[in-house]
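**Student:** can't give you the sequence, but here's the structure:
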């Protein structure tokens, strides 16, 4: 029940219904919503990143690095970045318990189990 209530609050706060309406009318603009309420450290601190498929433009690399260094999360599986391909000198490559995959990697069967075993 708590997950349902929180998801409804987030949906309302981030104007998902309005975004969906614009998308249905074919006047969708991602930039409008990026300036409104990007994923931030408060949201991550409360909910974690989860497996909800955040787009690279909506997840802040700065906050991800911050929460990881402060042990708010134990690990992460990342496949979308603000700038792709991820640069070779990005510190994400060397972070323990962080798995970097191509964007299509999640499609394969049983990958969630394999990722979980690699991280934990």
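**Tutor:** Nice, thanks for sending it over. This is a predicted model, so every value here is computed, not measured.

**Student:** list the buried residues for stretch 62-79?
**Tutor:** Using 16 or more other Cβ atoms under 10 Å as the test for burial, stretch 62-79 gives 63-64, 67-68, 76-79. All C-beta spots, glycine's among them, are computed from the backbone N, C-alpha and C.

**Student:** my bad, should have said stretch 79-96
**Tutor:** 79-81, 86, 92, 95.

**Student:** for residue 99, phi and psi?
**Tutor:** Note on residue 99: its backbone torsions stand at phi -110, psi 130 [degrees, to the nearest 10].

**Student:** just name the shakiest helix or strand of the chain by mean pLDDT.
**Tutor:** Of all the helices and strands that make up the chain, helix 41-47 has the lowest average by mean pLDDT, DSSP states H and E, namely a mean of 51.

**Student:** check which helices and strands whichever strand or helix holds residue 64 sits against.
**Tutor:** Here residue 64 sits within helix 61-69, counting by DSSP states H and E. In terms of contacts (3 or more Cβ pairs under 8 Å, 6 or more residues apart in numbering; DSSP states H and E), helix 61-69 is packed against helix 41-47.

**Student:** show me which of the buried residues of stretch 62-79 is closest to residue 99.
**Tutor:** Checking the buried residues of stretch 62-79 against residue 99 with Cβ to Cβ, the nearest one is residue 77 at 4.7 Å.

**Student:** next one: the closest one from residue 87, what distance?
**Tutor:** Distance of residue 77 to residue 87, computed by Cβ to Cβ, to the nearest Å: 19 Å.
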